[in-house]
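K.L.:
Just need the structure, nothing else, for what follows:
(2 chains, ligands or ions: 1)
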Amino acid sequence: MHIVVCIKQVPDSAQIRVHPVTNTIMRQGVPTIINPYDLFAIEAALRLRDKHGGKVTVLTMGPPMAEDSLRRALTYGVDRAVLLTDRAFAGSDTLATSYALSQAIIKIGQTYEPVDIVFTGKQTIDGDTAQVGPGIAKRLDLHQLTYVSGINEVNLEGKTITVERRAEGGVQVLKSNLPCLITMLEGTNEIRRGSIDVALAAARAEIVTWSAAAAGVAEMGKCGLKGSPTVVKRVFAPSPRAEKAKIIDIGGLTPDAVAAKTLDEIFGRLPTIEKELTAMAQS
Amino acid sequence: MTTTPAPKPAAAGGRAGMKKELPEKFKSYKHVWVFIELERGHVHPVSWELMGEGRKLADKLGVQLAGVVLGGAGEDTRNAVQECYAYGADVAYLVESPVLADYRNEPYTRCMTELVNKFQPEILLLGATTLGRDLAGSVATTLATGLTADCTELAVDADGSLAATRPTFGGSLLCTIYTLNFRPQMATVRPRVFSLPERQDGKSGPVIEYDFKMIEDEIVTKLLQFIPDRDSNKSNLAYADVVVAGGLGLGSAENYQLVKDLAKALGAEWGGSRPLVQRGWIPADRQIGQTGKTIRPKLYIAAGISGAIQHRVGVEGADLILAINTDKNAPIMDFAHIGLITDAVRFLPALAKEVRQRIAPNTRSRLVG
Ligand SMILES: Cc1cc2nc3c(=O)[nH]c(=O)nc-3n(C[C@H](O)[C@H](O)[C@H](O)COP(=O)(O)OP(=O)(O)OC[C@H]3O[C@@H](n4cnc5c(N)ncnc54)[C@H](O)[C@@H]3O)c2cc1C
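P.N.:
Just a heads-up that it's a prediction; the model follows:
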C-alpha cells in the first residue's frame, strides 16, 4: 500500500515573539518543528506500512527550509520525502493550500505508486483551522475521515477501511472505501524512535523538490494569493479592558482576612452567585 | 512563500487594500444562515449561540436570519425547527432524509452544497465542533469560497462584508479576515465564544422544506456503530457557572490539588493553562484557552496564570474574573476584574476555608469528582 502523509513545518509555538511596537512576528531565531499533531499521522502511517507492506511518502508545502522537517520525518523511517516549494504559493489560505497539496499528491501517485491513504494531522498549531485535510479530500474526491482515533482494519483486497472517529459525545465506527483521507487525532499513538541506521540514512537521503510546474499544478490561478478567497485586512493585538482590574489591598492582613475581603468583593459584584451557591450547597 | 508557515498575516500588507468586486452571479446572495448541528437527537448549544450572533448580523444587513436543520425525519428534527424560532430565526430550512439521520460527511456536504446553491445565503455560520469543522471544510472547498475558522468576533463592516476576527500566529495576535469576492462568506465559531441568546417561546415562522434526493446506495461511508462516552468524570467546563483554574505559578502538581479543593468548596469545575496539560498535571479536556475549552462562567478564578493571549481568548466571556498572581504586571491584570497580588499557594486554602464557612457548611459538591 502507498500512504502519503502531509506535514507542516511550524514555529516552535512556545517561542513565538511579537514585536511590541509593530505587532509583527519576530521570525529570526525562532526554531521550527514538525506540527506536533502530524507526528500522530506519521506514526499511524508507519504502523499500517509495517503491517501491510508498501511505502510511506511525506509531503510538505513550504519554503526551502521546510526540508528540515522532511528530513526529521525520514528519521522515523518514512520511505521518501517530497517538498513542494514555489513563490507562487505565497499567501495561500486553506483553500489554495489544499489545491496545491492535492496536485502534488496526484503527481506522487503518478510518479511512484497509486495512493491508498492520505494522512494529515488533526490541525496545525499555528493556523489551527483543521480545514486543509477536508479541503484535500474534496479536491481529490477521497472519502473523508476526520478526527480518527484508531484504525481498526484495512482490507487491501476489498479496498475497505474501518476506523473509529471522535464525534460529539462519543465515537463513530465508520467503514469506508480506499482511497481515503484521514486526519489523525492527537494522543492516539506514540511516535517511534528511529534507529541509528535510519537516522544516518535520513541525513543523506534525497529530498524530492518540486516547483509548481514540476508538480504538474494545473491551474496557477488557484494557487497563492490569487487562489485564496479570504483576505486578511488587519492584524492587531487585543486591547486591555477599558476598566482596570480592581486590585484588592492586602497590606498587613492575614490570608483569612484577605479571603473574607475577596469573597465580599465577588459577592458584591455577583449577588446572584452567592444565592445560587448557597442553594446548591444545601440541596 | 513566507518564511514562517503562517502565510496569511504576511500577506496582509499586499492585500489589505484589496477591493470588493463581487461577481454578478453572487449579487443575488442574501440572508444569514446558521447551520443547526443536530446529532443523536440533540442540538449542540453552539448553534443557538450562533443564532444570537447571526441575529445581530442579519439586523445590521437588513436581511433574514435562517436556521438550517438537517436530519432524519421525526420529532427531533421538528423540535429543532421550533427552537430555531425561539432563538431568533425568521425562517427555517428543513431537510429530512434517512441518509441524514447520523452525521456523515458525504450526504451532509452534498445536501448543504445543494441548499446553498439553490437558496443563496450571503453568510453561513457553523459551530467549530468536530462535526462543524468536518462539514465546513468540505462545503467551502466544494463551493470554492472562503472559510474563516474559530472566529472570536463577527461583525458587518461599512460595505456590508462579513468581518471575521480570529487569533493568528499561534494565537499571539488577532486578525480580521474578509471573503470579499466569493459567496457565501463562511465562518466557524467555537462553543461558548458567544453567549446564549434569550429564548422566546411561542414564536414561529415559515419552514422551507427541501427534497434531498440522495439515497443510501450512493453513500460509501457506513456508520457501523456509535459508542457513547461513558466517562462521567469528563469535564463540563464549557458550560459551568463557576470555574477555578491554575497555572504554572502553582509550582507543582501537588499544589494543583489546592485548585481542586477550592473548586469543590464552590461546587465549581476545575481547569488550567496549557503547560499544566503538557506537564501532565491535569488531563487535556481540562485545558482552558484557544487550543483548549472556551468558557463563559459567571465567575472565573485564575490562580498563578499569566494570562497569555491564547489563554485570554478562552476566558474573556466570563462575567467576573479574579486573578491571583504574585506579579502585578502579569498580562492577566489587563482583562481581570479583580486582582489579588499574592502567593496563590498560600491564599487558595484560606479562600476555600472561607467559602466553606459562608456558603457550604458540611456539604460535598456533587459536581466535582
Ligand atoms: C498555538 C498556541 C496555543 C496555545 N493554547 C493555549 C491554551 O489553549 N491555553 C493556555 O492556557 N495556553 C495556551 N498556550 C500557551 C500560552 O501561550 C502560555 O504559555 C500559557 O498560557 C502560560 O501558562 P501559565 O500562565 O500557567 O504559565 P506562565 O506563563 O509561566 O505564568 C505563570 C504565572 O504565575 C505567576 N506566579 C508565579 N508564582 C506564583 C505564585 N506563587 N502565586 C501566584 N502566581 C504566581 C507568575 O507571575 C506568572 O504570571 C498556547 C500557546 C500557543 C503558542
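K.L.:
What is the burial count for the residue in the stretch 51-200 of chain A that the ligand sits nearest to?
P.N.:
At 4.6 Å from the ligand, A:Ile125 is the closest residue in the stretch 51-200 of chain A, using CB to the nearest ligand atom. No exception for glycine: its C-beta is placed from N, CA and C like everyone else's. Residues contacting A:Ile125 under the criterion other CB atoms under 10 Å in any protein chain shown number 19.
K.L.:
Kindly report the same for the one 3 residues further on.
P.N.:
Other residues within reach of A:Asp128 by the criterion other CB under 10 Å amount to 19.
K.L.:
Need phi/psi at it.
P.N.:
Dihedral angles of A:Asp128 (phi, psi; degrees, to the nearest 10) stand at phi 70, psi 20.
K.L.:
go on, A:Phe267?
P.N.:
The phi/psi pair for A:Phe267 (degrees, to the nearest 10) is phi -70, psi -30.
K.L.:
I'd assumed A:Glu276 was in contact with it.
P.N.:
No. The criterion here is CB atoms under 8 Å, and A:Phe267 misses it with A:Glu276 at 10.9 Å.
K.L.:
how far away is the residue of the stretch 51-200 of chain A closest to the ligand from chain B?
P.N.:
Using CB to the nearest CB, to the nearest Å, one gets 6 Å for the distance from A:Ile125 to chain B.
K.L.:
Could you measure from that residue over to A:Pro36?
P.N.:
In this view, A:Ile125 and A:Pro36 are 6 Å apart by CB to CB, to the nearest Å.
K.L.:
can you check A:Asp128 too?
P.N.:
From A:Asp128 across to A:Pro36, the span is 12 Å (CB to CB).
K.L.:
Same check on B:Val244?
P.N.:
28 Å.
K.L.:
These two: who's more crowded?
P.N.:
The neighbour count for B:Val244 versus A:Pro36, taken as other CB under 10 Å, is higher for B:Val244 (30 against 16).
K.L.:
How about residue 189, nearest residue that isn't a chain neighbour?
P.N.:
Assuming you mean chain A. Distances taken as CB to CB, 6 or more residues apart in numbering or on different chains place A:Glu43 nearest to A:Asn189, at 4.7 Å, with adjacent residues excluded.
K.L.:
think we crossed wires, I meant chain B
P.N.:
In this structure, B:Val189 finds its nearest non-sequential neighbour in B:Cys151, 5.0 Å apart by CB to CB, 6+ apart.
K.L.:
ok, back up a step: ok, the residue of the stretch 51-200 of chain A closest to the ligand touching A:Asp38?
P.N.:
No. Using CB under 8 Å, A:Ile125 is not in contact with A:Asp38, being 9.7 Å away.
K.L.:
Quick check: A:Ala45 touching A:Phe119?
P.N.:
Yes. Between A:Ala45 and A:Phe119 there is a contact under CB under 8 Å: 5.2 Å.
K.L.:
Now do the shared contacts for those two.
P.N.:
Contact criterion CB atoms under 8 Å, 6 or more residues apart in numbering or on different chains; residues shared by A:Ala45 and A:Phe119: A:Ile3, A:Val5.
K.L.:
how about the residues of the stretch 151-300 of chain B near chain A?
P.N.:
For the stretch 151-300 of chain B, the residues in contact with chain A (CB under 8 Å from any CB of the partner chain) are B:163, B:167-182, B:220-229, B:241-242, B:266-267, B:284, B:290-291, B:298-299.
K.L.:
Which of these fall in strands?
P.N.:
Of those, the ones assigned to strands by DSSP state E are B:163, B:167-168, B:173-179, B:222-228, B:242, B:299.
K.L.:
what's the span of stretch A:222-242 from first residue to last?
P.N.:
Stretch A:222-242 has an end-to-end distance of 43 Å (criterion: CA to CA, to the nearest Å).
K.L.:
hang on, I meant stretch B:190-207
P.N.:
End residues of stretch B:190-207 are separated by 27 Å (CA to CA).
K.L.:
Average pLDDT for it, rounded please.
P.N.:
Mean per-residue pLDDT for stretch B:190-207: 94.
K.L.:
same thing with stretch A:184-192?
P.N.:
Rounded mean pLDDT across stretch A:184-192 is 90.
K.L.:
can you check stretch B:160-171 too?
P.N.:
Averaging pLDDT along stretch B:160-171 gives 87.
K.L.:
Please name the nearest non-neighbouring residue to the closest residue to chain B within the stretch 101-250 of chain A.
P.N.:
Relative to chain B, the nearest point of the stretch 101-250 of chain A is A:Pro134 (2.9 Å; CB to the nearest CB). Distance criterion CB to CB, 6+ apart; nearest residue to A:Pro134, sequence neighbours excluded, is B:Gly137 at 2.9 Å.
K.L.:
List the contacts of the one you found.
P.N.:
Contact analysis of B:Gly137 by CB under 8 Å, 6+ apart lists A:Thr94, A:Thr129, A:Ala130, A:Gln131, A:Val132, A:Gly133, A:Pro134, A:Gly135, A:Lys138, B:Leu147.
K.L.:
thinking the last one is in contact with B:Ala187, fair?
P.N.:
In this case it means B:Leu147. Yes. Under the criterion of CB under 8 Å, B:Leu147 makes contact with B:Ala187 at 7.0 Å.
K.L.:
Pick out whichever of these two has more residues nearby.
P.N.:
A side-by-side neighbour count of B:Leu147 and B:Ala187, using other CB under 10 Å, places B:Leu147 first with 31 against 27.
K.L.:
thinking again about what came up before, out of the contacts of B:Gly137, which sit inside helices?
P.N.:
A:Thr94, A:Val132, A:Gly133, A:Pro134, A:Gly135, A:Lys138 (DSSP state H).
K.L.:
Make CSV from these and add neighbour count to it.
P.N.:
Below are these laid out as CSV (neighbours: other CB atoms under 10 Å in any protein chain shown):
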residue, neighbour count
A:Thr94, 27
A:Val132, 27
A:Gly133, 32
A:Pro134, 30
A:Gly135, 28
A:Lys138, 24
